[in-house]
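>>> give me the fold of what follows.
(one chain, ligands or ions: 2)
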Amino acid sequence: VQELEDMIKNIKEKMGKKLFIPGHHYQKDEVIQFADVTGDSLKLAQLSAENREAEHIVFCGVHFMAETADILTTESQKVYLPDMRAGCSMADMADIYQTERAWEFLQVLFGDTILPLTYVNSTAAIKSFVGANGGATVTSSNAEKMVRWAFSKKERLLFLPDQHLGRNTAFNIGVNLDEMAVYNPIENILEYDGPLEKVKVILWKGHCSVHENFTVENISHVREAYLDMKIIVHPECSREVVALSDQAGSTNYIIEAIEASPAGSSWAVGTEMNLVNRLISQHPDKQIISLNPHMCPCLTMNRIDLQHLAWSLDSVIQGQEINLIKVDEETAFNAKLALNRMLEQS
Ligand code: 13P
Ligand code: SF4
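Residues are numbered from 1 along each chain as shown. Ligands and ions are numbered 1, 2, ... in the order given. Now for the predicted structure:
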(Lines give C-alpha, C1' and ligand atoms only; values in the text may rest on other atoms or scores of the structure.)
(Ligands and ions follow the chains in the order given, each with its own letter.)
Protein backbone atom coordinates (compact mmCIF):
# COMPACT_ATOMS: atom_id res chain seq x y z
CA VAL A 1 0.00 0.00 0.00
CA GLN A 2 2.77 2.42 0.96
CA GLU A 3 4.49 1.82 -2.38
CA LEU A 4 1.30 2.56 -4.31
CA GLU A 5 0.60 5.68 -2.26
CA ASP A 6 4.13 6.96 -2.85
CA MET A 7 3.83 6.26 -6.54
CA ILE A 8 0.58 8.25 -6.77
CA LYS A 9 2.05 11.15 -4.76
CA ASN A 10 5.08 11.25 -7.08
CA ILE A 11 3.02 11.26 -10.23
CA LYS A 12 0.74 13.98 -8.86
CA GLU A 13 3.75 16.10 -7.96
CA LYS A 14 5.43 15.63 -11.36
CA MET A 15 2.29 16.38 -13.36
CA GLY A 16 1.03 19.31 -11.27
CA LYS A 17 -1.95 21.14 -12.73
CA LYS A 18 -1.80 19.10 -15.93
CA LEU A 19 -3.44 16.31 -13.98
CA PHE A 20 -6.88 16.58 -12.37
CA ILE A 21 -8.46 13.88 -10.20
CA PRO A 22 -12.16 14.43 -9.40
CA GLY A 23 -13.61 12.02 -6.81
CA HIS A 24 -17.29 11.29 -6.21
CA HIS A 25 -18.39 11.20 -2.56
CA TYR A 26 -19.13 7.46 -2.83
CA GLN A 27 -15.49 6.57 -3.59
CA LYS A 28 -13.38 4.69 -1.07
CA ASP A 29 -11.21 6.69 1.37
CA GLU A 30 -8.06 5.16 -0.14
CA VAL A 31 -9.01 6.90 -3.42
CA ILE A 32 -10.61 10.06 -2.00
CA GLN A 33 -7.36 10.97 -0.20
CA PHE A 34 -5.82 11.66 -3.65
CA ALA A 35 -8.77 13.51 -5.19
CA ASP A 36 -8.15 17.17 -6.13
CA VAL A 37 -11.84 17.84 -5.61
CA THR A 38 -14.66 15.80 -4.17
CA GLY A 39 -18.30 16.33 -4.92
CA ASP A 40 -21.66 15.02 -5.98
CA SER A 41 -22.46 14.49 -9.62
CA LEU A 42 -23.55 18.11 -10.19
CA LYS A 43 -20.43 19.64 -8.65
CA LEU A 44 -18.12 17.28 -10.53
CA ALA A 45 -19.88 18.08 -13.82
CA GLN A 46 -19.58 21.83 -13.12
CA LEU A 47 -15.90 21.55 -12.22
CA SER A 48 -15.15 19.50 -15.32
CA ALA A 49 -16.84 22.15 -17.44
CA GLU A 50 -14.73 24.89 -15.82
CA ASN A 51 -11.33 23.21 -15.83
CA ARG A 52 -9.34 24.21 -18.91
CA GLU A 53 -5.92 23.73 -17.33
CA ALA A 54 -5.81 19.95 -16.91
CA GLU A 55 -4.63 17.90 -19.87
CA HIS A 56 -5.44 14.60 -18.19
CA ILE A 57 -8.53 13.99 -16.05
CA VAL A 58 -8.48 10.71 -14.15
CA PHE A 59 -12.07 10.37 -13.04
CA CYS A 60 -12.73 8.53 -9.80
CA GLY A 61 -16.41 7.80 -10.14
CA VAL A 62 -18.43 5.73 -12.57
CA HIS A 63 -18.55 5.50 -16.35
CA PHE A 64 -21.38 7.98 -16.98
CA MET A 65 -19.57 10.63 -14.90
CA ALA A 66 -16.39 10.21 -16.95
CA GLU A 67 -18.44 10.47 -20.15
CA THR A 68 -20.00 13.69 -18.85
CA ALA A 69 -16.53 15.06 -18.09
CA ASP A 70 -15.39 14.18 -21.61
CA ILE A 71 -18.41 15.90 -23.17
CA LEU A 72 -17.88 19.08 -21.12
CA THR A 73 -14.12 19.39 -21.66
CA THR A 74 -12.22 20.41 -24.78
CA GLU A 75 -10.98 18.14 -27.56
CA SER A 76 -7.41 18.20 -26.27
CA GLN A 77 -8.31 17.28 -22.67
CA LYS A 78 -8.27 13.52 -22.07
CA VAL A 79 -10.53 11.74 -19.60
CA TYR A 80 -9.71 8.29 -18.16
CA LEU A 81 -11.63 5.88 -15.91
CA PRO A 82 -9.25 3.84 -13.74
CA ASP A 83 -11.40 0.71 -14.12
CA MET A 84 -13.69 0.31 -17.14
CA ARG A 85 -15.92 -2.02 -15.11
CA ALA A 86 -16.96 0.90 -12.89
CA GLY A 87 -20.44 1.27 -14.38
CA CYS A 88 -23.82 2.06 -12.85
CA SER A 89 -26.58 -0.54 -12.75
CA MET A 90 -29.19 2.22 -12.92
CA ALA A 91 -27.67 3.75 -16.07
CA ASP A 92 -27.69 0.26 -17.60
CA MET A 93 -31.48 0.09 -17.13
CA ALA A 94 -32.10 2.37 -20.12
CA ASP A 95 -30.39 1.77 -23.44
CA ILE A 96 -30.81 3.92 -26.51
CA TYR A 97 -32.82 1.31 -28.49
CA GLN A 98 -35.33 0.95 -25.67
CA THR A 99 -35.49 4.74 -25.39
CA GLU A 100 -36.21 5.24 -29.09
CA ARG A 101 -38.86 2.52 -28.95
CA ALA A 102 -40.40 4.12 -25.86
CA TRP A 103 -40.46 7.54 -27.50
CA GLU A 104 -42.29 6.21 -30.57
CA PHE A 105 -44.81 4.45 -28.34
CA LEU A 106 -45.36 7.53 -26.17
CA GLN A 107 -45.76 9.81 -29.19
CA VAL A 108 -48.63 7.59 -30.33
CA LEU A 109 -50.29 7.87 -26.92
CA PHE A 110 -49.59 11.52 -26.13
CA GLY A 111 -48.51 13.23 -29.37
CA ASP A 112 -46.06 16.10 -29.14
CA THR A 113 -46.79 16.94 -25.51
CA ILE A 114 -43.79 15.32 -23.80
CA LEU A 115 -40.37 16.68 -22.92
CA PRO A 116 -37.66 14.14 -22.01
CA LEU A 117 -35.48 14.65 -18.93
CA THR A 118 -32.70 12.29 -17.96
CA TYR A 119 -30.90 11.88 -14.68
CA VAL A 120 -27.16 12.29 -15.36
CA ASN A 121 -26.92 8.63 -14.32
CA SER A 122 -27.45 7.60 -17.93
CA THR A 123 -25.33 6.85 -20.99
CA ALA A 124 -24.09 9.59 -23.31
CA ALA A 125 -26.38 8.16 -26.01
CA ILE A 126 -29.46 8.76 -23.83
CA LYS A 127 -28.29 12.28 -22.95
CA SER A 128 -27.83 12.89 -26.66
CA PHE A 129 -31.35 11.63 -27.44
CA VAL A 130 -32.77 13.89 -24.73
CA GLY A 131 -30.75 16.90 -25.95
CA ALA A 132 -31.89 16.34 -29.54
CA ASN A 133 -35.52 16.33 -28.39
CA GLY A 134 -35.33 19.63 -26.52
CA GLY A 135 -34.82 18.13 -23.05
CA ALA A 136 -32.16 18.34 -20.40
CA THR A 137 -30.22 16.34 -17.84
CA VAL A 138 -30.89 16.62 -14.10
CA THR A 139 -28.99 15.63 -10.99
CA SER A 140 -30.41 14.96 -7.58
CA SER A 141 -29.31 18.48 -6.52
CA ASN A 142 -31.32 20.33 -9.15
CA ALA A 143 -34.09 17.88 -10.05
CA GLU A 144 -36.92 20.11 -8.75
CA LYS A 145 -35.68 23.10 -10.68
CA MET A 146 -35.35 21.02 -13.85
CA VAL A 147 -38.78 19.40 -13.53
CA ARG A 148 -40.34 22.86 -13.15
CA TRP A 149 -38.32 23.97 -16.18
CA ALA A 150 -39.65 21.00 -18.18
CA PHE A 151 -43.23 21.88 -17.24
CA SER A 152 -42.66 25.42 -18.45
CA LYS A 153 -42.01 23.94 -21.92
CA LYS A 154 -44.41 21.02 -22.28
CA GLU A 155 -47.42 19.64 -20.42
CA ARG A 156 -45.85 16.21 -19.77
CA LEU A 157 -42.42 14.82 -19.12
CA LEU A 158 -40.64 11.53 -19.53
CA PHE A 159 -38.14 11.01 -16.70
CA LEU A 160 -35.27 8.55 -17.31
CA PRO A 161 -33.96 6.24 -15.91
CA ASP A 162 -34.70 6.48 -12.13
CA GLN A 163 -38.38 6.17 -11.31
CA HIS A 164 -37.77 7.05 -7.65
CA LEU A 165 -35.95 10.35 -8.20
CA GLY A 166 -38.60 11.22 -10.82
CA ARG A 167 -41.51 10.33 -8.55
CA ASN A 168 -40.10 12.01 -5.43
CA THR A 169 -39.25 15.18 -7.33
CA ALA A 170 -42.56 15.47 -9.16
CA PHE A 171 -44.43 14.80 -5.90
CA ASN A 172 -42.49 17.58 -4.16
CA ILE A 173 -43.56 20.12 -6.75
CA GLY A 174 -47.22 19.16 -6.45
CA VAL A 175 -47.82 16.41 -9.03
CA ASN A 176 -50.18 13.78 -7.57
CA LEU A 177 -49.14 10.14 -7.55
CA ASP A 178 -52.14 9.24 -9.72
CA GLU A 179 -50.84 11.66 -12.37
CA MET A 180 -47.66 9.59 -12.75
CA ALA A 181 -47.44 6.56 -15.04
CA VAL A 182 -44.59 4.06 -15.18
CA TYR A 183 -43.08 3.05 -18.52
CA ASN A 184 -41.84 -0.55 -18.51
CA PRO A 185 -39.01 -0.77 -21.07
CA ILE A 186 -38.80 -4.55 -21.06
CA GLU A 187 -42.43 -5.04 -22.08
CA ASN A 188 -42.85 -1.69 -23.87
CA ILE A 189 -46.01 -0.90 -21.93
CA LEU A 190 -47.34 1.89 -19.76
CA GLU A 191 -48.25 0.75 -16.26
CA TYR A 192 -51.17 3.04 -15.49
CA ASP A 193 -54.79 2.50 -14.55
CA GLY A 194 -56.36 5.95 -15.00
CA PRO A 195 -57.37 8.00 -18.05
CA LEU A 196 -54.35 8.94 -20.23
CA GLU A 197 -55.20 12.66 -20.31
CA LYS A 198 -54.46 12.74 -16.58
CA VAL A 199 -50.82 11.66 -16.99
CA LYS A 200 -48.30 14.43 -16.31
CA VAL A 201 -45.15 12.42 -15.61
CA ILE A 202 -43.98 9.21 -17.25
CA LEU A 203 -41.39 7.47 -15.09
CA TRP A 204 -38.91 5.07 -16.66
CA LYS A 205 -38.95 1.83 -14.67
CA GLY A 206 -35.35 1.96 -13.42
CA HIS A 207 -33.84 2.21 -9.97
CA CYS A 208 -30.59 2.32 -8.04
CA SER A 209 -29.67 -1.10 -6.71
CA VAL A 210 -27.96 0.54 -3.71
CA HIS A 211 -30.65 3.00 -2.57
CA GLU A 212 -33.42 0.52 -3.20
CA ASN A 213 -32.10 -1.45 -0.19
CA PHE A 214 -33.46 1.09 2.28
CA THR A 215 -36.89 -0.05 3.38
CA VAL A 216 -39.91 0.98 5.41
CA GLU A 217 -38.91 -1.76 7.90
CA ASN A 218 -35.51 -0.07 8.37
CA ILE A 219 -37.35 3.16 9.22
CA SER A 220 -39.66 1.44 11.73
CA HIS A 221 -36.64 -0.18 13.36
CA VAL A 222 -34.82 3.15 13.79
CA ARG A 223 -37.95 4.87 15.11
CA GLU A 224 -38.39 2.12 17.71
CA ALA A 225 -34.75 1.76 18.73
CA TYR A 226 -33.61 5.40 18.85
CA LEU A 227 -35.48 8.32 20.33
CA ASP A 228 -34.88 11.68 18.60
CA MET A 229 -32.84 10.19 15.76
CA LYS A 230 -33.39 12.02 12.49
CA ILE A 231 -33.68 10.00 9.30
CA ILE A 232 -32.19 11.53 6.17
CA VAL A 233 -32.23 9.74 2.80
CA HIS A 234 -31.27 10.21 -0.85
CA PRO A 235 -34.21 10.70 -3.28
CA GLU A 236 -33.12 7.56 -5.17
CA CYS A 237 -34.90 5.75 -2.29
CA SER A 238 -38.51 4.71 -2.84
CA ARG A 239 -41.42 7.14 -2.32
CA GLU A 240 -42.53 5.22 0.79
CA VAL A 241 -39.09 5.52 2.39
CA VAL A 242 -38.75 9.21 1.51
CA ALA A 243 -42.26 9.95 2.84
CA LEU A 244 -41.46 8.36 6.21
CA SER A 245 -38.04 10.06 6.55
CA ASP A 246 -37.45 13.44 8.16
CA GLN A 247 -35.39 14.84 5.30
CA ALA A 248 -34.45 13.80 1.77
CA GLY A 249 -31.93 15.29 -0.62
CA SER A 250 -28.90 14.80 -2.80
CA THR A 251 -25.54 13.59 -1.57
CA ASN A 252 -24.47 17.18 -1.03
CA TYR A 253 -27.67 18.03 0.81
CA ILE A 254 -27.10 15.11 3.20
CA ILE A 255 -23.50 16.15 3.89
CA GLU A 256 -24.48 19.77 4.52
CA ALA A 257 -27.44 18.90 6.76
CA ILE A 258 -25.24 16.73 8.98
CA GLU A 259 -22.43 19.30 9.02
CA ALA A 260 -24.82 22.05 10.04
CA SER A 261 -26.42 20.04 12.85
CA PRO A 262 -25.28 20.76 16.44
CA ALA A 263 -22.96 18.43 18.38
CA GLY A 264 -24.89 15.58 19.94
CA SER A 265 -27.33 15.27 17.01
CA SER A 266 -28.15 11.78 15.87
CA TRP A 267 -28.78 10.67 12.29
CA ALA A 268 -29.76 7.52 10.43
CA VAL A 269 -28.53 8.01 6.89
CA GLY A 270 -29.98 6.33 3.82
CA THR A 271 -27.26 6.54 1.22
CA GLU A 272 -24.10 4.80 0.00
CA MET A 273 -21.97 3.15 2.68
CA ASN A 274 -18.57 4.74 1.92
CA LEU A 275 -20.12 8.16 2.38
CA VAL A 276 -21.94 7.13 5.57
CA ASN A 277 -18.69 5.72 7.01
CA ARG A 278 -16.86 8.94 6.12
CA LEU A 279 -19.55 11.04 7.81
CA ILE A 280 -19.24 8.84 10.90
CA SER A 281 -15.48 9.40 11.10
CA GLN A 282 -15.69 13.14 10.31
CA HIS A 283 -18.30 13.81 13.02
CA PRO A 284 -17.24 12.01 16.20
CA ASP A 285 -19.41 14.47 18.17
CA LYS A 286 -22.60 13.16 16.47
CA GLN A 287 -24.25 9.79 16.49
CA ILE A 288 -24.47 8.62 12.88
CA ILE A 289 -25.61 5.20 11.66
CA SER A 290 -26.65 3.71 8.35
CA LEU A 291 -30.42 3.46 8.00
CA ASN A 292 -29.84 -0.15 6.92
CA PRO A 293 -27.20 -1.87 9.07
CA HIS A 294 -26.68 -4.55 6.38
CA MET A 295 -25.97 -2.00 3.67
CA CYS A 296 -23.20 -2.68 1.13
CA PRO A 297 -21.28 0.02 -0.71
CA CYS A 298 -22.00 0.69 -4.40
CA LEU A 299 -20.03 -2.22 -5.83
CA THR A 300 -19.35 -0.62 -9.20
CA MET A 301 -18.11 2.64 -7.64
CA ASN A 302 -15.87 0.50 -5.47
CA ARG A 303 -14.12 -1.02 -8.43
CA ILE A 304 -11.95 2.07 -8.42
CA ASP A 305 -9.37 1.31 -5.76
CA LEU A 306 -5.80 2.28 -4.90
CA GLN A 307 -4.34 -0.28 -7.33
CA HIS A 308 -6.46 0.87 -10.27
CA LEU A 309 -5.79 4.53 -9.53
CA ALA A 310 -2.02 3.94 -9.35
CA TRP A 311 -2.05 1.85 -12.53
CA SER A 312 -4.12 4.44 -14.40
CA LEU A 313 -1.89 7.34 -13.33
CA ASP A 314 1.21 5.37 -14.27
CA SER A 315 -0.15 4.74 -17.76
CA VAL A 316 -1.05 8.43 -18.12
CA ILE A 317 2.44 9.63 -17.18
CA GLN A 318 3.90 7.14 -19.64
CA GLY A 319 1.80 8.69 -22.40
CA GLN A 320 -0.43 5.65 -22.93
CA GLU A 321 -4.11 6.22 -23.57
CA ILE A 322 -5.41 3.27 -21.58
CA ASN A 323 -9.04 3.42 -20.37
CA LEU A 324 -9.60 6.62 -22.30
CA ILE A 325 -13.26 7.71 -22.26
CA LYS A 326 -14.18 9.24 -25.60
CA VAL A 327 -17.73 10.05 -26.59
CA ASP A 328 -18.09 10.30 -30.39
CA GLU A 329 -18.62 13.79 -31.78
CA GLU A 330 -22.19 13.37 -32.96
CA THR A 331 -23.37 11.89 -29.65
CA ALA A 332 -21.42 14.49 -27.67
CA PHE A 333 -22.97 17.40 -29.59
CA ASN A 334 -26.57 16.74 -28.53
CA ALA A 335 -25.59 15.38 -25.11
CA LYS A 336 -23.87 18.70 -24.47
CA LEU A 337 -27.07 20.55 -25.33
CA ALA A 338 -28.86 18.55 -22.62
CA LEU A 339 -26.07 19.10 -20.08
CA ASN A 340 -25.76 22.79 -20.83
CA ARG A 341 -29.50 23.35 -20.42
CA MET A 342 -29.05 21.94 -16.92
CA LEU A 343 -25.87 23.87 -16.12
CA GLU A 344 -27.53 27.13 -17.23
CA GLN A 345 -30.35 26.55 -14.75
CA SER A 346 -28.04 25.51 -11.88
P1 13P B 1 -25.57 12.54 -6.54
O2 13P B 1 -24.11 12.60 -6.61
O3 13P B 1 -26.18 13.45 -7.56
O4 13P B 1 -26.17 12.72 -5.21
O5 13P B 1 -26.01 11.08 -7.07
C6 13P B 1 -25.85 9.97 -6.31
C7 13P B 1 -25.47 8.80 -7.11
O8 13P B 1 -26.06 7.76 -7.01
C9 13P B 1 -24.35 8.90 -7.97
O10 13P B 1 -24.26 7.76 -8.70
FE1 SF4 C 1 -25.46 3.88 -9.90
FE2 SF4 C 1 -26.68 3.67 -7.55
FE3 SF4 C 1 -24.08 3.17 -7.72
FE4 SF4 C 1 -24.99 5.68 -7.99
S5 SF4 C 1 -25.08 4.43 -6.16
S6 SF4 C 1 -23.47 4.66 -9.27
S7 SF4 C 1 -26.95 5.29 -9.02
S8 SF4 C 1 -25.74 2.00 -8.72
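>>> for the most centrally placed residue in the chain, helix, strand, or coil?
Closest residue to the average C-alpha location of the chain: residue 121 at 4.8 Å, with CA atoms, centre = their mean. Secondary structure state of residue 121, per DSSP: H, G, I helix; E, B strand; the rest coil, is coil.
>>> also the one 4 residues further on?
Assigned by three-state DSSP, the conformation of residue 125 is helix.
>>> and for the one 3 residues further on?
Of the three states, residue 128 takes helix under three-state DSSP.
>>> residue 64 touches residue 89, doesn't it?
No: taking CB atoms under 8 Å as the contact criterion, residue 64 and residue 89 are not neighbours in contact, 11.4 Å apart. Yep, even glycine has a C-beta here, placed from its N, CA and C like the rest.
>>> the two: who's more crowded?
More crowded of residue 64 and residue 89, by other CB atoms under 10 Å: residue 64, with 24 against 17.
>>> contacts only, for that one.
Taking CB atoms under 8 Å, 6 or more residues apart in numbering, we find residue 64 in contact with 87, 88, 91, 120, 121, 122, 123, 124.
>>> ok, residue 275 next?
25, 26, 251, 254, 255, 269.
>>> got the phi and psi for residue 257?
phi -60, psi -40 (degrees, to the nearest 10).
>>> who's in contact with it?
Neighbouring residues of residue 257 by CB under 8 Å, 6+ apart: 232, 247, 249.
>>> out of these, the closest to ligand 2 would be?
Lowest distance from ligand 2 to these (CB to the nearest ligand atom) belongs to residue 249, with 15.1 Å.
>>> quick one: residue 267 is in a helix?
No: Residue 267 is assigned strand when assessed by three-state DSSP, not a helix.
>>> who in the chain is up against ligand 1?
40, 41, 42, 88, 121, 139, 140, 141, 208, 236, 250, 251 (CB under 6 Å from any ligand atom).
>>> among these, which ones lie close to ligand 2?
Filtering those for proximity to ligand 2 (criterion: CB under 6 Å from any ligand atom) leaves 88, 121, 208.
>>> which residues of the stretch 1-150 of the chain fall in helices?
Along the stretch 1-150 of the chain, counting by DSSP state H, counting those that start in this stretch, helices occupy 2-15, 29-32, 41-50, 63-72, 96-110, 124-132, 143-153.
>>> reformat these as a markdown table; add mean pLDDT.
Shown next, in a markdown table, are the helices of the stretch 1-150 of the chain (pLDDT from 0 to 100):
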| stretch | mean pLDDT |
| --- | --- |
| helix 2-15 | 96 |
| helix 29-32 | 96 |
| helix 41-50 | 86 |
| helix 63-72 | 95 |
| helix 96-110 | 97 |
| helix 124-132 | 98 |
| helix 143-153 | 97 |
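>>> I am finished for the moment; much appreciated.
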